[in-house]
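Undergrad: sequence below, structure please.
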Amino acid sequence: MDSVVRAKRELRLAMRARALPAPGSVARVEAGLAAAGSVASLPAFERAETIALFASIGREIATRPLFERARAADKRTLFPRIVRDAHGPSAHIELAPIDAWDEFVIGELGVPSPPPGARTYTLDEVGLVVVPGLAFDAAGGRLGRGGGFYDRLLGRDPVPFTCGLAYAAQLVDEVPMAAWDVRVRAVATERGCVIAAGAQAIGDRCGEESGRA
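TA: Reported below is the predicted structural model:
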């Protein structure tokens, strides 16, 4: 287990040092537009009436284009809100709606979040969850920031279709995974999308760029 922890730490350092488009740059917006098309090529996107997204921060790929595409398709769009547990120091993610980009408030850890009081939705009400990460691999392995929020959220049943969203430069050969880490079923980038091993058996496919992100 210590070896997995060390490997994750080393990969996080390497990914944070990797050159990615700067916040507010044209390249970041263009990549976000292309990645939105990659997500929209998934049958899970077309089928879903409700989609869980995330508001990108720092050097994460821009997610506003995907939000706008989902809203234009008349889909309900949910975003994570970090909530401190009533007893103890731990916290968890809950999902609440955002209908317009200017509705965000700055929540826990400085993350744009739905405002307090907005009703929450359970995973069985969601058709697609779009997941952030520092790195992904072709088997659906995901390296997060270390808080474990998405692993706890997606470790419940039932789990909807999950798709990582990142730059193609964030795809690596292998993400070190612990027993409790949750894999995604696809990874979408500005170059297309990759279906994780085993997902094609249940008929989940991307568009023409499938498998070549």
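
Undergrad: C-alpha from now on. contacts and neighbour counts both.
TA: Will do.

Undergrad: spell out the residue ranges of the strands in the chain.
TA: Per DSSP state E, the chain carries strands over the ranges 50-52, 76-84, 91-97, 105-106, 112-113, 128-131, 135-136, 142-143, 161-165, 186-189, 192-195.

Undergrad: relative to residue 62, which of those is closest?
TA: strand 161-165 (9.5 Å; C-alpha to C-alpha).

Undergrad: in the closest one, what's buried?
TA: When neighbours are counted by 16 or more other C-alpha atoms under 10 Å, the buried residues of strand 161-165 are found to be 161-165.

Undergrad: what's in contact with the lowest-mean-pLDDT helix or strand in the chain?
TA: Sorted by mean pLDDT, DSSP states H and E, the helices and strands of the chain end with helix 149-154, the least confident at a mean of 88. Residues outside helix 149-154 that contact it (C-alpha atoms under 8 Å, 6 or more residues apart in numbering): 91-93, 131, 180-182.

Undergrad: rewinding a little: right, and the strands of the chain - which one's nearest residue 10?
TA: Closest to residue 10 of the strands of the chain, according to C-alpha to C-alpha: strand 142-143, at 11.1 Å.

Undergrad: partner strands of that closest one and their direction?
TA: Using DSSP bridges, the strands paired with strand 142-143 are strand 135-136 (antiparallel).

Undergrad: who's in contact with the strand it pairs with?
TA: The set of residues external to strand 135-136 that reach it, using C-alpha under 8 Å, 6+ apart, is 15, 142-144, 164, 166, 170-172, 174-175, 187.

Undergrad: ok, now stretch 55-66?
TA: Contacts of stretch 55-66 from elsewhere in the structure, counted by C-alpha under 8 Å, 6+ apart, are 20-23, 28-29, 31-33, 35-37, 39, 53-54, 79, 101, 111-113, 132, 165-167.

Undergrad: if you set the cut-off to 7 Å instead, what comes out?
TA: 20-23, 28-29, 31-33, 36, 54, 112, 166-167 (C-alpha atoms under 7 Å, 6 or more residues apart in numbering).

Undergrad: mind putting those in JSON lines, distance to residue 192, pLDDT and neighbour count included?
TA: Supplementary listing: the contacts of stretch 55-66 in JSON lines, determined by distance: C-alpha to C-alpha, whole Å; pLDDT from 0 to 100; neighbours: other C-alpha atoms under 10 Å:
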{"residue": "20", "distance to residue 192": "17", "pLDDT": "94", "neighbour count": "16"}
{"residue": "21", "distance to residue 192": "18", "pLDDT": "95", "neighbour count": "18"}
{"residue": "22", "distance to residue 192": "21", "pLDDT": "93", "neighbour count": "14"}
{"residue": "23", "distance to residue 192": "22", "pLDDT": "91", "neighbour count": "16"}
{"residue": "28", "distance to residue 192": "16", "pLDDT": "95", "neighbour count": "20"}
{"residue": "29", "distance to residue 192": "16", "pLDDT": "94", "neighbour count": "19"}
{"residue": "31", "distance to residue 192": "11", "pLDDT": "97", "neighbour count": "22"}
{"residue": "32", "distance to residue 192": "12", "pLDDT": "97", "neighbour count": "24"}
{"residue": "33", "distance to residue 192": "11", "pLDDT": "97", "neighbour count": "21"}
{"residue": "36", "distance to residue 192": "9", "pLDDT": "97", "neighbour count": "25"}
{"residue": "54", "distance to residue 192": "19", "pLDDT": "97", "neighbour count": "24"}
{"residue": "112", "distance to residue 192": "26", "pLDDT": "94", "neighbour count": "20"}
{"residue": "166", "distance to residue 192": "11", "pLDDT": "97", "neighbour count": "26"}
{"residue": "167", "distance to residue 192": "10", "pLDDT": "97", "neighbour count": "27"}
